[in-house]
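Peer 1: have a look; sequence and predicted model below, questions after that.
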Number of protein chains: 2
Amino acid sequence: MKRFRITLSYDGTAYHGFQRQRIGQTTVQSTLEQTLSKIANVRVSVFSSGRTDAGVHARVQAVHTNLPEKWEHTEALQSALNSLLPSDIRILKAEIMPDHFHALRDAKKKMYVYFINPQPVQNPVLARYSWHLRFPLDWNAMAQAGQAFVGRHDFKAFAAADHSAKTTVRTIESFEWGTLVVPGFGGNTGLGYFKVVGQGFLKNMVRIMVGSLVRVGAGKAPVDSIARALISGQRNQAGSTAPPHGLWLWDVLY
Amino acid sequence: MKRFRITLSYDGTAYHGFQRQRIGQTTVQSTLEQTLSKIANVRVSVFSSGRTDAGVHARVQAVHTNLPEKWEHTEALQSALNSLLPSDIRILKAEIMPDHFHALRDAKKKMYVYFINPQPVQNPVLARYSWHLRFPLDWNAMAQAGQAFVGRHDFKAFAAADHSAKTTVRTIESFEWGTLVVPGFGGNTGLGYFKVVGQGFLKNMVRIMVGSLVRVGAGKAPVDSIARALISGQRNQAGSTAPPHGLWLWDVLY
């Protein structure tokens, strides 16, 4: 057996999240494991860089797994997987790694992007991939407020109540925003996005960060509400959890 | 009753085309008519600028219909429709028109765009909206060949065998190609597209045009094969019908 890293991309709309579920719900992990098991003729498990919630997408996700040596022809492995997987999951790369490689522990940084489309009417394509808000947002206020996230902080106020992390201290390396003009889509103002890079994230953390910023951008909370929520450590001091379909795991850096 | 023009956009993936079907298949038209009938409390029919095939998308489509006078508050009509329709159909605009307005007869021009993604591995989002080809294409040869479409021609060779048009003569006003870089998607080379403007199109015409061009771009037919197929009037002289999901009704001009 050899250790492989498999880099994949998925549209999360049709899946109950990345992680295998006990009951028979279709997840990205279960779909990938079933396909790997079929081609390897053994039962295969994969370990990811981290789970994504139901409805969240991944431009880039990475997993490790062990496979029989004959799959060291990684291009054949990639082709075999892509020919069997549904079109909303694509294998971008398969590589042989040292035996000790671990998709979660060895991930140095993760980048998430959250798309927001503030328009009177949502676009039917962007509806799958961005959060539609009917009102305009003050992007400058949101960008200013978001700078409070950068650095090493206790993100307890920005974690789902049922998180299982031992510590809620995390380091956010950068927090940027911008607008993306997709020709023909997204209205005149373009699609707004937040891009956040960190060493690790708590359950629902990016979605609560975005929900808290939208409260600022909509004028319903002051710019310093983010910094104050961080200091309080109280979940109810942060905003609501933004919906999953605007969130993308954008990159995993090793 | 007043005459309305309703401008809409849809992701065609989930629908059996635009046009209402006799049997109980879900189409864009049946979904729109059911929703209009519900809010107007009368049975409402709509007439489109033209049908789109199963799986084809519309950035912009237009229909006309008659509705009770109380819906002359067109913003309320638009809001009511968008709150009831599924998220893959969005109403962009509702307008009151002269009684004789006709969505098909009054359409001066239509623009179609066809997206092609020539990459070793398709992107899971673009899989819904573009034709994936594993081999590179000679875009210059395709653009050159496509110029033969421009002008007034008998497009008999580029119509589905079961078309029902009285004449197969059509006028193509322009035929362009380009590449669109969607940041983070579509690989290094970007998404290729063809944009065609005409006064009217035959059944499957754009898809057969694209299928014929891809044969040229793949080096399987010479550049002049397009012009020769036009002159022949023989369907078997043109290429195969490109898949529906790469095709977008991009605009309807009145």
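Peer 2: Thanks, I have the structure now.
Peer 1: show me the helices in chain A, by range?
Peer 2: Secondary structure of chain A, counting by DSSP state H: helices at A:28-40, A:74-84, A:139-146, A:205-217, A:225-232.
Peer 1: ok, which of the ones you listed comes nearest chain B?
Peer 2: With distances scored as Cβ to the nearest Cβ, the stretch of those nearest to chain B is helix A:74-84 (6.3 Å). Where C-beta positions appear, they are placed from N, C-alpha and C, glycine not excepted.
Peer 1: from chain B, how far off is the closest residue to A:L180 other than its chain neighbours?
Peer 2: Distance criterion Cβ to Cβ, 6 or more residues apart in numbering or on different chains; nearest residue to A:L180, sequence neighbours excluded, is A:L191 at 4.8 Å. Plainly put, A:L191 is 10 Å away from chain B if you go by Cβ to the nearest Cβ, to the nearest Å.
Peer 1: A:M111 too?
Peer 2: Distance from A:M111 to chain B, by Cβ to the nearest Cβ: 10 Å.
Peer 1: list the contacts for that residue?
Peer 2: A:195-197, A:249-253 (Cβ atoms under 8 Å, 6 or more residues apart in numbering or on different chains).
Peer 1: near chain B, which residues of chain A are found?
Peer 2: A:9-11, A:57, A:59, A:78, A:82, A:87-92, A:113, A:121-125, A:127-129, A:180, A:182-185, A:250 (Cβ under 8 Å from any Cβ of the partner chain).
Peer 1: circling back: kindly write the ChimeraX command that selects the buried subset of the contacts of A:M111.
Peer 2: Only the buried members of the contacts of A:M111 end up in this ChimeraX selection, burial being decided by 16 or more other Cβ atoms under 10 Å in any protein chain shown:
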select /A:195,196,197,249,250,251,252
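Peer 1: show me where pLDDT drops low in the stretch 101-250 of chain A?
Peer 2: A:183-189 (pLDDT under 70).
Peer 1: and the strands in it, which stretches?
Peer 2: A:109-118, A:131-133, A:151-154, A:169-180, A:191-198, A:247-253 (DSSP state E, counting those that start in this stretch).
Peer 1: partner strands of the fourth one, with direction?
Peer 2: Applying DSSP bridges, strand A:169-180 is found paired with strand A:151-154 (antiparallel), strand A:191-198 (antiparallel).
Peer 1: so what touches it?
Peer 2: Contacts for strand A:169-180 (Cβ under 8 Å, 6+ apart): A:109, A:115, A:139, A:142-143, A:146-147, A:149-155, A:186, A:189-202, A:205, B:183.
Peer 1: likewise for the second one?
Peer 2: Among residues not part of strand A:131-133, those counted as contacts by Cβ under 8 Å, 6+ apart are A:114-119, A:122, A:126, A:210, A:214, A:218, A:242-243, A:245-246.
Peer 1: can you say which of those residues are buried?
Peer 2: A:114-119, A:122, A:126, A:210, A:214, A:218, A:242-243, A:245-246.
Peer 1: list just the nearest of the residues you listed to B:I23.
Peer 2: Checking those against B:I23 with Cβ to Cβ, the nearest one is A:Q122 at 30.8 Å.
Peer 1: tell me who's in contact with that closest one.
Peer 2: A:130, A:132, B:87, B:90.
Peer 1: how about a cut-off of 7 Å?
Peer 2: Going by Cβ atoms under 7 Å, 6 or more residues apart in numbering or on different chains, A:Q122 touches A:132, B:87, B:90.
Peer 1: do the same with A:K203
Peer 2: A:K203 makes contact with A:159-160, A:163, according to Cβ under 7 Å, 6+ apart.
Peer 1: please pick the buried ones from the residues you listed.
Peer 2: A:A159.
Peer 1: pick the one among the contacts of A:K203 closest to chain B.
Peer 2: Looking across the contacts of A:K203 and measuring by Cβ to the nearest Cβ, the closest to chain B is A:A160, at 25.2 Å.
Peer 1: A:N236: which of the contacts of A:M111 is nearest?
Peer 2: Checking those one by one against A:N236 (Cβ to Cβ), the nearest turns out to be A:V196, at 22.2 Å.
Peer 1: please name the bridge partners of the closest one.
Peer 2: Per DSSP bridges, the residues bridged to A:V196 are A:Y112, A:F175.
Peer 1: look up how far chain B lies from it.
Peer 2: In terms of Cβ to the nearest Cβ, A:V196 sits 15 Å off from chain B.
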